[in-house]
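> Provide a 3D model corresponding to the input given below.
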Amino acid sequence: MPAPAWRRFAAIVYDALAVVAIVMVVGLLAQFATGGSLFDAKGHLLAWWYQPLQGLVVGTYFLVSWVRGGQTLGMRPWRIRVTDTQGRPATWRRGFVRLAVTALPLLLVTLYPLTSLKIALWAPIAGWAALLLPAFVDRRRRAVHDMLAGTEIRNLS
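Residues are numbered from 1 along each chain as shown. This is a model prediction of the structure:
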């Protein structure tokens, strides 16, 4: 049975906390690796690999969680799981498509040179909201990334 949208949003809140923790740990390790010189005195990033590493680690967290067990940390307390449309575990291919589509709104941060920082930071949130809107009207409560990947969020009950 498809999970209600409110459970999906509750899981997103929990996962946001997990992502903050992951980013903090990777940041700490990067600080150790660079001797504390990730940024110069003007706040410019010195280590070109830092942001791609953050993205890789966070993306890996989601991809591995969806494929190996079907649940992120945020999905566990709400008893929901990512499956394919037949209820089977998501494959690596489906998980990767889901991840790639879900990550697309992050490209909106690149608007920063053209707009204000405030707009550039709110743009991905608006993008994710647009991806999630179909979950309110689709009979199987799928978001855009689920439709494109052939996945669903289901109750465990």
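> can you show me the helices along the chain?
When assigned using DSSP state H, the helices of the chain occupy the ranges 5-34, 50-67, 92-103, 117-132, 144-149.
> now those helices in CSV, with mean pLDDT, distance to Arg76 and mean neighbour count?
C-beta: built from backbone N, CA, C; applies to glycine. CSV is the format used below for those (pLDDT from 0 to 100; distance: least, C-beta to C-beta, whole Å; neighbours: other C-beta atoms under 10 Å):
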stretch, mean pLDDT, distance to Arg76, mean neighbour count
helix 5-34, 93, 8, 14
helix 50-67, 95, 10, 16
helix 92-103, 97, 17, 18
helix 117-132, 90, 20, 14
helix 144-149, 96, 19, 21
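> nearest to Asn155, of the ones you listed?
Among these, helix 5-34 comes nearest to Asn155, with 7.6 Å by C-beta to C-beta.
> what angle separates that closest one from helix 50-67?
Here the directions of helix 5-34 and helix 50-67 differ by 140 degrees (axes from the mean of the first three to the mean of the last three C-alpha atoms, to 10 degrees).
> which secondary structure elements does helix 5-34 contact?
Packing contacts for helix 5-34, counted by 3 or more C-beta pairs under 8 Å, 6 or more residues apart in numbering; DSSP states H and E, involve helix 50-67, strand 80-84, helix 117-132, strand 151-155.
> follow-up on the earlier one: so which of the helices of the chain gets nearest Ile80?
Closest of the helices of the chain to Ile80 is helix 5-34, at 5.3 Å (criterion: C-beta to C-beta).
> now the closest one: how far from the chain's centre is it?
Centre-to-centre, helix 5-34 and its host chain are 9 Å apart (C-alpha atoms, centre = their mean, to the nearest Å).
> equivalent analysis for stretch 107-123, please.
That offset, for stretch 107-123, works out to 18 Å (C-alpha atoms, centre = their mean).
> got the end-to-end distance for it?
End-to-end span of stretch 107-123 (C-alpha to C-alpha, to the nearest Å): 9 Å.
> try stretch 109-121
Stretch 109-121 has its terminal residues 6 Å apart, counting by C-alpha to C-alpha.
> show residues contacting it.
108, 123-124 (C-beta atoms under 8 Å, 6 or more residues apart in numbering).
> which residues does the spatially closest residue to Arg142 that is not a sequence neighbour contact?
Among residues not flanking Arg142 along the chain, Glu152 sits closest, at 5.8 Å (C-beta to C-beta, 6 or more residues apart in numbering). For Glu152, the contacting residues are 2, 82-85, 140-142, 146, by C-beta under 8 Å, 6+ apart.
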